[in-house]
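**Student:** Attaching a predicted model along with its sequence, questions to come.
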Amino acid sequence: MAALTRLMKPTSTIITRRSLSTTTAAVSDIQSSLSDGKGGSSRNNFQWVFLGVPGVGKGTYASRLSSLLGVPHIATGDLVRNELASKGPLSNQLAEIVNQGKLVSDEIIFNLLSKRLEAGEAKGESGFILDGFPRTIRQAEILNEVTEIDLVVNLKLREDVLVEKCLGRRICSECGKGFNVASINAKAENGRPGMSMAPLLPPSHCASKLVTRADDTEEVVKERLRIYQEKSQPVEGFYRDLGKLMEFDLPGGIPESWPKLLEALNLDEYEVKRSAVA
Ligand SMILES: Nc1ncnc2c1ncn2[C@@H]1O[C@H](COP(=O)(O)OP(=O)(O)O)[C@@H](O)[C@H]1O
C-alpha cells in the first residue's frame, strides 16, 4: 500500500489546508481567491470535487471549469480507462470489474490517483478538480484525512434522461475528448418542466474516431446507477455534514447550464474578465 501511504502523506505541495466551514463561505472564498487585486491573475490551488450520477455531465463541467481556473481535471474513470488501455498487469482484472459496472477496489484507485497527483506535481501542477472520486464513504474519509477539499459540487439531473445520456456518450479515440450524440426531449410531467438537451457533437477531426465506452450499454449503465445509489450517494451526505456540498440542478444542456453554474459559483464575472484578457 505504498502508493496509498504516499497519497496520505500531507506533505505534498499540492495539498494545502484551508479552513472553511460552510458552503457559502467556500463559494465567497473562491471569489476572493480568484483575484490578485489587479483584476487579473488567479491562484490555482482550488481543491474541488464533482459528484453526481453516471451521465449527469460531471466530466463536461469539470473539464470546462478546469480550463477556466487553470487547475487539472482529474477523472478517476479516465485513470482506470488509461490503465485498461495500457494492457498492464491490472488490465484484465479491471476490465472485468468496469464492464460489469462495479467499483474498482479502493487500493487500486488510490494507487492510480497517487501516481497521477505525483506526475502532476512534478510538472508544477497545483490544485485539482476531482471527478468520479471519492465514490465511497471510505474514499471520502481518507481524502478528508489527507487534505482539505474546498468545495463539492453535486450535479443533479432528472433521472429519466440519464440512461439516454449515457447511451449517447462517445469518446474521441485519439484526443480523449467526450461528446454526446443523444438529442434529449423529455416531456413536462408531474409538475416538472420539460427538458431539451442538444447533442454535443464532435469537430470534424474527431468525428471519424468516435468510440463508445464498453460500460455504456443499457444493462451496465443501470447497474452503475444502482451502485451509485448504494455506494456513492452517502458521500453527498458526508460533504453536506461538513458544510461543503453545493447542490446544482442542471436546468438543461450546456448553453442553459454553464452560465447558471458559473453564477452559482460566483465565477460569472471571472469568465467575462478572462475572455476580455484573452
Ligand atoms: N473512485 C472510484 N472508485 C471505484 N471505482 C471507480 C472510481 N472511479 C472510477 N471507477 C471505475 O471506473 C468506471 C468508470 O468511471 P467513470 O468514468 O467515472 O464513470 P461514470 O460515467 O459512471 O461516472 C466506474 O464504473 C468504476 O468501475
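**Tutor:** Nice, I can see it.
**Student:** now the residue of the stretch 51-200 of the chain found nearest the ligand, what's its secondary structure?
**Tutor:** Distances between the stretch 51-200 of the chain and the ligand by C-beta to the nearest ligand atom are smallest at G77, namely 2.0 Å. For glycine as for every other residue, the C-beta is placed from the backbone atoms N, C-alpha and C. On the three-state scheme (DSSP: H, G, I helix; E, B strand; the rest coil), G77 is labelled helix.
**Student:** Contacts only, for it.
**Tutor:** For G77, the contacting residues are G59, D131, G132, taking C-beta atoms under 8 Å, 6 or more residues apart in numbering as the criterion.
**Student:** Show me what from this protein comes close to the ligand.
**Tutor:** Residues of the chain that fall close to the ligand, judged by C-beta under 6 Å from any ligand atom: 54, 75-77, 80, 97-98, 101-104, 109, 132-133, 135, 139, 215, 224.
**Student:** Give me the buried entries from these.
**Tutor:** Buried positions within these, assessed by neighbour count (16 or more other C-beta atoms under 10 Å), are 54, 75-77, 80, 97-98, 101, 103-104, 109, 132-133, 135, 139, 215, 224.
**Student:** In helices, which of those appear?
**Tutor:** The helices, defined by DSSP state H, take in T76, G77, V80, I97, V98, I109, Q139, R224 from these.
**Student:** if I look at the residue of the stretch 51-200 of the chain closest to the ligand, how far off is E174?
**Tutor:** 18 Å (C-beta to C-beta, to the nearest Å).
**Student:** before we move on, what about S204?
**Tutor:** 13 Å.
**Student:** With neighbour numbers in mind, choose between these two.
**Tutor:** Relative neighbour count places E174 above the other of S204 and E174, with 12 against 7, counting by other C-beta atoms under 10 Å.
**Student:** what number of residues lie near the nearest residue to that one once chain neighbours are set aside?
**Tutor:** The shortest distance from E174 to any residue other than its chain neighbours is 4.9 Å, reached at K209 (C-beta to C-beta, 6 or more residues apart in numbering). Other residues within reach of K209 by the criterion other C-beta under 10 Å amount to 14.
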